[in-house]
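Asker: Mind folding the following:
(one chain, ligands or ions: 1)
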Amino acid sequence: MAPPMPPNEVIRRSFQTWNTWLPTIIFGFLGALGMYNQAWWQMDMMSDQFKATYYDTKDTFDFIVVGSGSAGAVVANRLSQHYNVLLLEAGGEPNPWFSVPAMSFLMLNYPSHDWMYKTVPQKHSCGALPDRRSGWSGGKCLGGTSHINFLIHLRGHQKDYDYIANITGDKEWSFDGVLKHFKSVEDYNGQWDDERYHGHGGDMRVALPPYTGMGEYFVRAGFSHIYYPIKDGRRVSTYKAFIEPIRSRPTLTIYKFSVVTKVLMRGENNQVFGVEYERHGVRKTAYANKEVILSAGSIGSPKILMLSGIGPKEHLQTVGVRPKVDLPVGMNLQDHISTYLGPFVLDEDKPVSMLFDRDINPSAFLAFTRTGTGALSSSGTSATAFVSTPMAKAAGEGDWPDVQFIFLGTAVYSRMAEDMAHGFHVRQDLMKKYFETDKGKDSFQIIVSLARPKAVGHMKLSGPRFSDDFLIDPKYLDNEYDVKTLVEGVKMAVNLVENTTVFQSLGARFTGAVFPGCENVIFRSDAYWECFIRQYSLTLHHIVGPCSMGRKGSKDAVVDTELKVVGTKGLRVIDASVLPKVPISNTNYPAIMVGEKGAHFVLNTWRNSENSQTNEIIR
Ligand SMILES: Cc1cc2nc3c(=O)[nH]c(=O)nc-3n(C[C@H](O)[C@H](O)[C@H](O)COP(=O)(O)OP(=O)(O)OC[C@H]3O[C@@H](n4cnc5c(N)ncnc54)[C@H](O)[C@@H]3O)c2cc1C
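Answerer: Presented below is the predicted three-dimensional model:
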């Protein structure tokens, strides 16, 4: 019989194997995330119930802001510098796990903090998604979607805003007009530190994440690092930047778990004087002396408007809502549909990608908790590029990119299929099949996004109650132009990897696995890429347009260029839903800009109103 091992040897050996057993514990913990989130949310809700019953009795304010997301948090901050503001938010406190950038993707689709909308089945896309329905996440907490997104900080192209200025006939929305509001929220710390384009001293710190992983290779191939709203390796959501620092401001009142169901109007001119909302099952009313501002996002704001009788007249009548103002609410819906191209597999001796099983280890946890560095400080998105496909060039718009690449330096780890299925609402069986051959290999993916889609969808009510389904149809890939553009984008991405020295030095090659459902077309032919994007179609969650701004008198305008709802008084929409055209990039920073610019319009209105003090609305 072997002699017993001395205790110090037992300890030494167990530490030697920590990289095996600790990841198991970590992944076990991640598996329990649902339970953790539920418990966190229950505690927050119970304490808020008490507060709602015994403390929150005030019901009249100067302004009511509905929604504390990317735009709403900025609006509440700016208005409460001068006025009494009530901020109504449907969700609760922001879940602390989201401040760890690497957790973003794993935390999606839990009802405690995500609205978890689904589109209607898509005819020409989303083939690999259950029932062909795209899953639309949306933050439901203080900070809204800025608290759950992937932290990419971009604002789009100059032409995006010049185009909006052109269709709205208001130069305020040109690039020069919006630049000042992009800059005033920003505290930029980075390489492109040019005062003409970036702000300093704003509330939102923007920097390169401490961990950029494979980003270095993408940058050497000629592309750009992605900056994040981040501080000490932690997410800077709009809650962190704009609400937390002023939470005790006496002029700011926040009611959490308050779901606004309609705005209240009266009189010939549809004067808005308050909102109806539900808090912990109790129906309540709040009143605004000056204005109600909807910042409930691209799904919440149009839904509230329609339930209040502001929307397409015939549609509202069909679902049993009495129409009050006939406007094209819900109609100009746009989004970026994309595909996750890859995996691009690397040579075995090139362990440069981020493989969760190997790299999210105790050292990564230590680095993050001690210094805010390491792999946990990245959401996985590390570099980006905007390209013009031959389609844009043929249309004479080669100087306005029509495709965005987002480089994900994350490899196919052991639970990737399960996590993709959970986070992005993709069929788990298909994901498992597709990733099987490349599981555990160093690799990366490129998100190829249709930056200037032609598709225009719509949103409709299915009934007169807030709880009735909201029918969302983005019409992804319903037109050939979009399909051809995305196929060209995919081919450019593959070409880039396979013909660039830096990627070839890693041996990078497109996977040999065939995407399930595309077995009957020639691998890597145009027909294959078309099949790939129609199967593996994933939203980038960049929803804009259902409350589009437009020219005075335009039949397409829901709000004017000061974001006032047409045909009403005392009501504005200030969030991403007012953008009549999706910018080519990600939409968090544009939504924040809309918040800053919208607040500026509101303040100007009341500053310029000579009788602002005596002008209060009598109920
Ligand atoms: C998974 C995901 C990843 C993304 N990644 C990126 C990224 O990396 N970079 C980027 O730039 N963009 C990204 N986006 C998009 C970007 O975050 C959004 O476009 C932006 O946050 C929208 O801002 P908003 O103010 O219009 O709406 P939101 O931020 O969604 O705010 C709306 C707020 O209103 C509240 N609300 C809604 N309805 C009601 C109601 N009836 N009553 C009371 N409150 C209500 C919501 O709970 C929420 O807090 C991502 C989005 C998602 C979902």
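
Asker: Stretch 135-149 and the ligand in contact?
Answerer: Yes. Residues of stretch 135-149 are located near the ligand by C-beta under 6 Å from any ligand atom, namely 137-140, 144-146, 148-149. (Each C-beta comes from the backbone N, C-alpha and C, glycine too.)

Asker: If you rank those residues by neighbours, which is first?
Answerer: Gly144 (34 neighbours; other C-beta atoms under 10 Å).

Asker: ok, that one touching Ala73?
Answerer: Yes. Judged on C-beta atoms under 8 Å, Gly144 makes contact with Ala73 at a distance of 7.3 Å.

Asker: Which neighbours do these two have in common?
Answerer: Thr238 (C-beta atoms under 8 Å, 6 or more residues apart in numbering).

Asker: hang on, the earlier thing: could you dump the residues of stretch 135-149 next to the ligand to a markdown table with pLDDT?
Answerer: As requested, the residues of stretch 135-149 next to the ligand are exported to a markdown table (pLDDT from 0 to 100):
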| residue | pLDDT |
| --- | --- |
| Ser137 | 97 |
| Gly138 | 97 |
| Gly139 | 97 |
| Lys140 | 97 |
| Gly144 | 98 |
| Thr145 | 98 |
| Ser146 | 98 |
| Ile148 | 95 |
| Asn149 | 97 |
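
Asker: Among those, which one sits closest to Asp438?
Answerer: Among the residues of stretch 135-149 next to the ligand, Ser137 lies closest to Asp438 (C-beta to C-beta), at 25.9 Å.

Asker: burial measure for the one residue in the stretch 301-450 of the chain that gets nearest to the ligand, as a count.
Answerer: In the stretch 301-450 of the chain, the residue found nearest to the ligand is Ile304; the distance is 5.5 Å by C-beta to the nearest ligand atom. Neighbour count for Ile304, taken as other C-beta under 10 Å: 27.

Asker: do Asp468 as well
Answerer: 14.

Asker: That one falls within a strand, correct?
Answerer: No. Read with DSSP: H, G, I helix; E, B strand; the rest coil, Asp468 is coil and lies in no strand.

Asker: wait, it sits on Lys460?
Answerer: No. Using C-beta under 8 Å, Asp468 is not in contact with Lys460; the gap is 10.5 Å.

Asker: who touches both of the two?
Answerer: By C-beta under 8 Å, 6+ apart, the residues touching both Asp468 and Lys460 are Val319.

Asker: Does the spatially closest residue to Asp419 that is not a sequence neighbour fall in a helix, a strand, or a coil region?
Answerer: Of all residues beyond its chain neighbours, the one nearest Asp419 is Leu106 (6.2 Å), with distances taken as C-beta to C-beta, 6 or more residues apart in numbering. With three-state DSSP as the basis, Leu106 sits in helix.

Asker: hey, where'd the helices end up in the stretch 301-450 of the chain?
Answerer: 313-318, 356-359, 362-371, 390-394, 416-424, 428-435 (DSSP state H, counting those that start in this stretch).

Asker: The closest residue in space to Leu88 that isn't next to it in sequence and Trp136, how far apart?
Answerer: Closest residue to Leu88 in three dimensions, ignoring its sequence neighbours and counting by C-beta to C-beta, 6+ apart: Ser258, at 4.3 Å. Distance of Ser258 to Trp136, given as C-beta to C-beta, to the nearest Å: 22 Å.

Asker: Give me the more crowded residue out of these two.
Answerer: Ser258 (23 against 20).

Asker: Just the pLDDT for Arg196.
Answerer: As predicted, Arg196 sits at a pLDDT of 89.

Asker: what's the answer for Val490, then?
Answerer: Reported pLDDT for Val490: 98.

Asker: In this structure it contacts Ile533, no?
Answerer: Yes. Taking C-beta under 8 Å as the definition, Val490 is a contact partner of Ile533 at 6.6 Å.

Asker: Look at the two and report which has more neighbours.
Answerer: Ile533 (27 against 22).

Asker: which parts of the helix or strand containing the more buried one are buried?
Answerer: Ile533 belongs to helix 526-535 when assigned by DSSP states H and E. Neighbour-count burial for helix 526-535, counted by 16 or more other C-beta atoms under 10 Å, picks out 528-535.

Asker: Please identify which of those residues is nearest to the ligand.
Answerer: Nearest member of the buried residues of helix 526-535 to the ligand, counting by C-beta to the nearest ligand atom, is Ile533, at 19.4 Å.

Asker: any idea how far the closest one lies from Ser125?
Answerer: Counting by C-beta to C-beta - Ile533 and Ser125 are separated by 7 Å.

Asker: list residues touching both of those two?
Answerer: Common neighbours of Ile533 and Ser125 (C-beta under 8 Å, 6+ apart) are Leu477.

Asker: Tyr188 looks like it's in a helix, true?
Answerer: No. Assessed with three-state DSSP, Tyr188 is strand; it does not lie in a helix.

Asker: how about it, what does it touch?
Answerer: With contact taken as C-beta under 8 Å, 6+ apart, Tyr188 is in contact with 198-200, 206-207, 227.

Asker: hey, what's it bridged with?
Answerer: Val206 (DSSP bridges).

Asker: still on that earlier bit, give me the phi and psi angles of the residue nearest to Leu88.
Answerer: phi -120, psi 110 (degrees, to the nearest 10).

Asker: Surely it is in contact with Glu278?
Answerer: Yes. Counting by C-beta under 8 Å, Ser258 touches Glu278, with 7.3 Å between them.

Asker: before we move on, back to that, filter the contacts of Tyr188 down to just the buried residues.
Answerer: With neighbours counted by 16+ other C-beta under 10 Å, the contacts of Tyr188 contain buried members at 198-199, 206-207, 227.

Asker: Just the closest of these to Gly177, please.
Answerer: Nearest to Gly177 among these, with distances taken as C-beta to C-beta, is Gly199, at 15.4 Å.

Asker: can I get the buried residues of helix 526-535 in CSV with pLDDT?
Answerer: Below are those laid out as CSV (pLDDT from 0 to 100):
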residue, pLDDT
Tyr528, 98
Trp529, 98
Glu530, 98
Cys531, 98
Phe532, 98
Ile533, 98
Arg534, 98
Gln535, 98
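
Asker: If you tally nearby residues, what's the number for Gln428?
Answerer: So Gln428, with other C-beta under 10 Å, has 14 neighbours.

Asker: hmm, I was thinking of Val185
Answerer: Residues near Val185, counting by other C-beta under 10 Å: 23.

Asker: Return the residues in contact with Asn149.
Answerer: 104, 139, 541, 586, 588.

Asker: wait, Gly309
Answerer: By C-beta under 8 Å, 6+ apart, the contact set of Gly309 is 265, 316, 321-325.

Asker: Give the ChimeraX command for selecting the buried subset of those.
Answerer: With 16+ other C-beta under 10 Å as the criterion, this ChimeraX line picks the buried residues out of the contacts of Gly309:
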select :265,316,321,323,324,325
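
Asker: Farthest pair within the contacts of Gly309?
Answerer: Going by C-beta to C-beta, the pair spanning the contacts of Gly309 furthest: Met265 and Leu316, at 14.0 Å.

Asker: The ligand versus the nearest residue to Val178 once chain neighbours are set aside, what's the distance?
Answerer: Using C-beta to C-beta, 6+ apart and skipping residues adjacent in sequence, the residue nearest Val178 is Tyr161, 5.1 Å away. Distance of Tyr161 to the ligand, computed by C-beta to the nearest ligand atom, to the nearest Å: 15 Å.

Asker: pretty sure Tyr161 contacts Lys180?
Answerer: No. The criterion here is C-beta under 8 Å, and Tyr161 misses it with Lys180 at 11.9 Å.

Asker: who has more neighbours, these two?
Answerer: Set side by side, Tyr161 and Lys180 show more neighbours around Tyr161, with 25 against 13, by other C-beta under 10 Å.

Asker: Would you agree the more buried one falls within a strand?
Answerer: No. Counting by three-state DSSP, Tyr161 falls outside a strand, being helix.

Asker: How is this protein divided into domains?
Answerer: In terms of domains, the chain is parsed into 27-57, 58-94+152-205+237-333+456-471+544-619, 209-236+337-452+478-536 (source: automatic domain parsing).
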